[in-house]
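> Please find the sequence and the predicted model below.
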Amino acid sequence: MPKKYDLIVVGSGAAGMMAAITAARAGKKILLLEKLSKIGAKLKATGGGRCNLTNTLDNETFMERFGRDGKFMMPALEAFDHTALRTFFEEIGVRSHAPDGYRVFPVTHSSQTIINAMADEMTRLGIEVMCGEKVLTLEHDGIEVIGVKTEKRSYLAASVIIATGGKGYPMLGAEGDGYEIAKATGHKVTPLYPAMMPLKLKETWVAHCRADTIAKVELRVNMKKYKKLHAKGDHIFTKEGIRGPVVLDFSREITPLLSKFEEVPLLANFTKGMNEEQLRTHFKKQVSAHPESSLLEIMTTLLPESLSRQLCMLAGTDPDKTLAKQEGEARDKLFKMLVWTPLTVNGHDGFKMAMITRGGVHLKEIDPYTMESRRLKGLYFCGEVVNLDGPCGGYNLQWSFSSGYLAGRSSAS
């Protein structure tokens, strides 16, 4: 006879563990199923292992960063916002801080601290955790949930929470299991795209600019229909393309475009938003103060030397000559290029390098006040499996914790 529980949680990431703990605190008998040999594998890798838990933004601003569907989060954030999250961790022995006043980390700057504390709390609450148990199907009668079937056996429960995450980082167990379970129960899953990842460029000159992080870079899509798409932040060139916070954020807009077009043209401003007039004034001041300075020397007052040299060459200027000795046409081209440098995205490494997934279970089929399915009683979704994704900076983890808390609380009531 299959063992019976009040709630089965599928997945041991941030959302799954929070859901299990919340329901267990309400006195429910909980089973947490994880297909890998250890819990929290993807959580361990979050933020390069430093675990950017959340940020200090108010709920309204926080939701705006998720785009037009961000309002869906309101009930979850009202139930469990960043202040509640920090209090929760403080209560289970994890102190947190915001060194820059914005991003919140455990003071250890180690995701293992978070995993250990949540594991200890689950043990204290008597939550049964089974690793190496991959859920194959959700058992139901067409109206309500009955339980789940794994590769090894069946388990019974009146409520099941799907917290399996997305498809990013498949080496950490992300295979999109939750999407398949959702589809099998008649739920609509939106198209899935890899997001928060480096991008590849058509331009080969970028390989010479790998040494430096460039601050406050603005990226824009240079396509008529998509000109409103833009992002700002720190930028890094790689051997094959671009990365850094601004690219990781912007990639969630670019990867869907790459599924439609072979190439996505971008414009990049590397000079902290300076326009052509401001640049010309800056150059004049530099020449006035240092008449014998080469063009490269003036350029490096704004940009790293490697990028300065490449842009000079692309514009047809001689980096080792003074500004006065440059040809007028080439000089004008350089100023225009300094305002907007053209780049062409032509690829990425797919889900294997994606920190998050864009897309998921359709929001219209989930009640935002409970995280319960509108199709099947007793079925809940939370975290990345839902069609919501945010930028870097603790957004996606906060959503996982908030939605996990709400799903756990709702299932327990």
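Alright, I've got the coordinates. Keep in mind the model is a prediction, meaning the values are calculated, not measured.
> For the stretch 201-350 of the chain, just list every one of the helices.
Assigned helices in the stretch 201-350 of the chain, in chain order: 245-258, 276-289, 295-299, 305-315, 328-339 (criterion: DSSP state H, counting those that start in this stretch).
> Let me have those helices in TSV, extended by mean neighbour count and distance to Leu36.
Where C-beta positions appear, they are placed from N, C-alpha and C, glycine not excepted. Compiled in TSV, these are given as follows (neighbours: other C-beta atoms under 10 Å; distance: least, C-beta to C-beta, whole Å):
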stretch	mean neighbour count	distance to Leu36
helix 245-258	22	25
helix 276-289	14	52
helix 295-299	21	50
helix 305-315	19	41
helix 328-339	16	48
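> for the one helix or strand in the chain whose mean pLDDT sits lowest, packing partners?
Least confident helix or strand, the chain: helix 41-45 with a mean of 86, by mean pLDDT, DSSP states H and E. Here helix 41-45 touches helix 111-124, going by 3 or more C-beta pairs under 8 Å, 6 or more residues apart in numbering; DSSP states H and E.
> Using PDB, list the CA coordinates for the helix it packs on.
Extracted in PDB, the C-alpha atoms of helix 111-124 (Å, rounded to 0.1, in the frame of the first residue of the first chain):
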ATOM      1  CA  SER A 111      25.100  29.200  -0.700                       C
ATOM      2  CA  GLN A 112      26.000  26.100   1.300                       C
ATOM      3  CA  THR A 113      25.100  28.100   4.500                       C
ATOM      4  CA  ILE A 114      21.500  28.500   3.100                       C
ATOM      5  CA  ILE A 115      21.200  24.800   2.100                       C
ATOM      6  CA  ASN A 116      22.500  23.600   5.400                       C
ATOM      7  CA  ALA A 117      20.100  25.800   7.400                       C
ATOM      8  CA  MET A 118      17.100  24.800   5.400                       C
ATOM      9  CA  ALA A 119      18.100  21.100   5.600                       C
ATOM     10  CA  ASP A 120      18.400  21.400   9.400                       C
ATOM     11  CA  GLU A 121      15.000  23.000   9.600                       C
ATOM     12  CA  MET A 122      13.400  20.300   7.500                       C
ATOM     13  CA  THR A 123      14.900  17.700   9.800                       C
ATOM     14  CA  ARG A 124      13.600  19.500  12.800                       C
END
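> Quick one: list the elements packing against it.
Short answer (3+ C-beta pairs under 8 Å, 6+ apart): helix 111-124 packs on helix 14-25, helix 41-45.
> and that helix, how far from the chain's centre?
Taking C-alpha atoms, centre = their mean, to the nearest Å, one finds helix 111-124 lying 23 Å from the centre of the chain it belongs to.
> Any buried residues in that helix, and which?
Buried residues in helix 111-124, counted by 16 or more other C-beta atoms under 10 Å: Ser111, Thr113, Ile114, Ile115, Ala117, Met118, Ala119, Glu121, Met122.
> what does the helix or strand just after it contact?
Where DSSP states H and E defines the elements, the next helix or strand beyond helix 111-124 is strand 128-131. With C-beta atoms under 8 Å, 6 or more residues apart in numbering as the test, strand 128-131 has contacts from 5, 12, 30-39, 119, 122.
> if we can go back for a sec, of the buried residues of helix 111-124, just say which sits nearest to Gly142.
Using C-beta to C-beta, Met122 is the member of these that lies nearest Gly142, at 32.2 Å.
> Make sure that closest one is actually in contact with Met17.
Yes. Using C-beta atoms under 8 Å, Met122 and Met17 qualify as a contacting pair, with a distance of 6.7 Å.
> list the residues that contact both of the two?
Leu32.
> returning to what we had before: measure how far the least confident helix or strand of the chain is from the centre of its chain, please.
Mean C-alpha position of helix 41-45 versus that of the full chain (C-alpha atoms, centre = their mean) differs by 13 Å.
> Do me a favour and get the end-to-end distance for stretch 32-51?
22 Å (C-alpha to C-alpha, to the nearest Å).
> And for stretch 308-322?
Span of stretch 308-322 from end to end, C-alpha to C-alpha: 14 Å.
> next one: stretch 3-19
Its first and final residues considered, stretch 3-19 spans 20 Å by C-alpha to C-alpha.
> What count of nearby residues applies to Lys239?
By other C-beta atoms under 10 Å, 10 other residues sit near Lys239.
> How about the contacts made by the closest residue to it other than its chain neighbours?
Distance criterion C-beta to C-beta, 6 or more residues apart in numbering; nearest residue to Lys239, sequence neighbours excluded, is Ala207 at 5.0 Å. Counting by C-beta under 8 Å, 6+ apart, Ala207 makes contact with Phe237, Thr238, Lys239, Glu240.
> quick revisit: any idea which of the helices and strands packed on helix 111-124 scores lowest on pLDDT?
Note on the helices and strands packed on helix 111-124: helix 41-45 shows the lowest mean pLDDT, a mean of 86.
> burial of Ser273, as a residue count?
You called it Ser, but residue 273 is Gly. 12.
> and the helix ranked longest in the chain, average pLDDT?
Counting residues, the longest helix found in the chain (DSSP state H) is helix 395-412. Average pLDDT, helix 395-412: 98.
> With stretch 139-151 instead?
Rounded mean pLDDT across stretch 139-151 is 96.
> can you list the domains in this protein?
4-193+358-412, 198-348 (automatic domain parsing).
> hey, which of those is tucked in deepest?
Among those, the stretch with the highest mean neighbour count (mean count of other C-beta atoms under 10 Å) is domain 4-193+358-412, at a mean of 20.
> quick one: that domain to chain centroid distance?
Here the centre of domain 4-193+358-412 is set off from its chain's centre by 15 Å, with C-alpha atoms, centre = their mean.
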